[in-house]
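*Asks:* no sequence on hand, only this structure:
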DNA sequence: GAGCACTGC
């Protein structure tokens, strides 16, 4: 249903009621505007392609767009996703000696580009609402904004707000823990994003539009971004794009977000656990007393692509209700601005229409049993009937189904009528090497139709150009943490309506399109409205530790947008108790506080601290291993048989009989000591170069943090000679966090978990696969077709006993 | 004999 609703921006001229007011969409003015929109679409479909960030997420601000703002074929822009640096981002070296006037001169071309871009911006659906959004936010602290794809909300909203009077830094007196301090509060707008690429791409784009250099490139820069391993801001930054995790991290140090006048939370509908935590903390900030901010209000804009805003309005209203009808007097005497009038408690809901071409939906007349087979038929049906150009995007569940369909399509294509255009089949999934992924962005060769077979990576993370036909199998693999069993399950499940709409929308980005749903309309109507929030699907220990570290001692009273079941919360608390991150009374311990600041799961954080007690050498080795465990799989999947044998031989010298942990250590050591050509080394050993680069990033970050925490000395870090690792010390350090992730061999030759007595098999990707050992410790316990332990090492039963008894 | 997608001072 949401896809059929056509709404315009909220009509906010209604009388203001005393009760918290929600201005809902009105449909009256729609008609005229709709027509206008339609016309616009025909005239400049290209302009709409780069204004919403999910469209550019894989195509950083196409530079052509800057030079000729009118017409850029999307294909072209996508064809070179590597040319990331827009010209505006380049000209400022970090050199401090550069005179300021120089910067000023270099500004001129930026200004001109910004002026040209303004023409494009003016045509965005969101633009005509600028004044209304500004005036609502002058009165109110919270705004909810529904903006469909292509509305331009992510790039424009911060620019609408940055020059508002309330967005200037103000001197304030802050009282905390009885101490009063003078400080500037506000001045900056934060915009959160679920993904790194989006944060960086948007920052680049907005910097161009504002005509200022990006981030740390110049002291005059107004736009910056902050993602893990990559921060580009300057003291003058006013608009900052960051990942949700990064904002949470900032909040650990500055709970009242005193740098910011506003926080814009974008893409809320994706409902990652970080966004849920962010919203909980923000609700406490807007509805609580503002002492920590010296009485200066914080504006919160929550943006989503789906119309389900009722739960969000209720969520923020409840915050106001609990805070009480009267505002607490501000004790330190900060002046009461207009924000303190009752209307600051109103919440407005605004709808902005997107810019999409119409997409026709075709349902399967009867239930489909084999969606790979059904997809095959539809692909050739489209290919025979539909004119060129018009590529096909097929949503499947995983690598397995992608590869199965790939073979089938290629097979059928060979027997195809030679008079028909050719078919180019391109698989797309996250584990695919980067180079192979890039192939889907290149436009199809002449007289060829691209058929992209994708997992749900193409649903949000990646935009494929040229697509006019979408085939949706209606399913996806979803990871679900099962509290009772303490394991992750990766199961094929039906998608939600909003995911189905998202998939369908991928056909209408450049021209009218069609979407074939390989399920019946009845099935569609029975789907859940939205995706299950991650907070209901994952292990909560990290989230709880973060809350505890922020002083939220009573978890039950935390404002959850969706409250996790009690059992899941209890399990997480128990786990934190087990690793001594919490004290018996449930408050955070010194160890817990330390772990919370590490960019690791609580368990891995605990391991790191345990290793620190076993000496510098052990800590350095454990950091190497932890770095591997906290990134995607470093070992590539073998594709062909010949390659496999060569790789097995090359990898042989890395394998350690102690298990995967020590094997990872040897891999990091070998990679790090390869100075000539790491990429070639990685290819030879069938190790993912991309993953190893992340490993090295994490390793560097952890080493730095350990040095700052005085767990490592410079001397230990700079030592060049390699010591012999001590497997015993390393594995015992791991048991400090993973004592409950252990299993012992039983007489029938299988393994049973020590806690829970469940059957578990060593995953085939492990170096210990097929081995019979006294006991094993594993990093992960997952269920796919059966229960597997992944990341496995051999341990001794008496070590496990000691670790479980807490005598580490 | 096997690998949905994201993310972190």
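*Replies:* All right, it came through fine. Please read these numbers as outputs of a predicted model, since none were measured by experiment.

*Asks:* nearest to DNA strand B: which residue in the stretch 201-350 of chain A?
*Replies:* Among residues of the stretch 201-350 of chain A, the one nearest DNA strand B by CB to the nearest atom of the strand turns out to be residue A:245. It sits 2.9 Å away. Quick note: C-beta positions are derived from backbone N, CA and C, even for glycine.

*Asks:* counting neighbours, what do you get for the closest residue to that residue other than its chain neighbours?
*Replies:* What sits nearest to residue A:245 in space, not counting adjacent residues and going by CB to CB, 6 or more residues apart in numbering, is residue A:274, at 5.2 Å. Residues near residue A:274, counting by other CB atoms under 10 Å, number 22.

*Asks:* run through the residues that contact residue A:274.
*Replies:* Applying CB atoms under 8 Å, 6 or more residues apart in numbering, we find residue A:274 in contact with A:194, A:243-245, A:248.

*Asks:* so, low pLDDT: which residues of chain A?
*Replies:* Scanning chain A for pLDDT under 70 picks out the ranges A:1-108, A:307, A:325-344, A:638-644, A:807-808.

*Asks:* in which helix or strand does the residue nearest to residue A:245 reside?
*Replies:* Element membership for residue A:274, per DSSP states H and E: helix A:273-287.

*Asks:* any idea how far that helix is from the chain center?
*Replies:* Here helix A:273-287 shows a centroid-to-chain-centroid distance of 17 Å under the convention CA atoms, centre = their mean, to the nearest Å.

*Asks:* who does the next helix or strand after it touch, helix- and strand-wise?
*Replies:* Using DSSP H and E, the helix or strand that follows helix A:273-287 towards the C-terminus is strand A:299-304. Contact analysis of strand A:299-304 by 3 or more CB pairs under 8 Å, 6 or more residues apart in numbering; DSSP states H and E lists strand A:142-147, helix A:153-161, strand A:260-265, helix A:273-287, helix A:310-323 as its packing neighbours.

*Asks:* give me that answer again for 10 Å
*Replies:* On a contact count with 3 or more CB pairs under 10 Å, 6 or more residues apart in numbering; DSSP states H and E, strand A:299-304 meets helix A:130-139, strand A:142-147, helix A:153-161, strand A:188-193, strand A:260-265, helix A:273-287, helix A:310-323, strand A:347-352.

*Asks:* okay, now the closest residue to residue A:354 other than its chain neighbours: neighbour count?
*Replies:* Residue nearest to residue A:354 in three dimensions, not counting chain neighbours: residue A:148, with 2.6 Å by CB to CB, 6+ apart. Close neighbours of residue A:148, defined as other CB under 10 Å, add up to 24.

*Asks:* which residues touch the residue in chain A that DNA strand B sits nearest to?
*Replies:* Of all residues in chain A, the one sitting closest to DNA strand B is residue A:597 (2.2 Å; CB to the nearest atom of the strand). By CB atoms under 10 Å, 6 or more residues apart in numbering, the residues touching residue A:597 are A:249, A:252-253, A:546, A:549, A:605, A:705, A:709.

*Asks:* cool, residue A:187 as well?
*Replies:* Under the criterion of CB under 10 Å, 6+ apart, the neighbours of residue A:187 are A:162, A:167-170, A:236-238, A:258-261.

*Asks:* can you list the residues of the stretch 101-250 of chain A near DNA strand B?
*Replies:* Taking CB under 7 Å from any atom of the strand as the criterion, the stretch 101-250 of chain A approaches DNA strand B at residues A:194-197, A:227-229, A:231, A:243, A:245-246, A:249-250.

*Asks:* neighbours of residue A:687, just the number please.
*Replies:* Other residues near residue A:687 come to 24 when the count uses other CB under 10 Å.

*Asks:* who's it bridged to?
*Replies:* When assigned by DSSP bridges, residue A:687 has beta-bridge partners residue A:635.

*Asks:* confirm for me that it is in contact with residue A:650.
*Replies:* Yes: applying CB atoms under 10 Å, one finds residue A:687 in contact with residue A:650, separated by 9.2 Å.

*Asks:* need the residues touching each of these two.
*Replies:* Contact criterion CB under 10 Å, 6+ apart; residues bridging residue A:687 and residue A:650 by contacting each: residue A:681.
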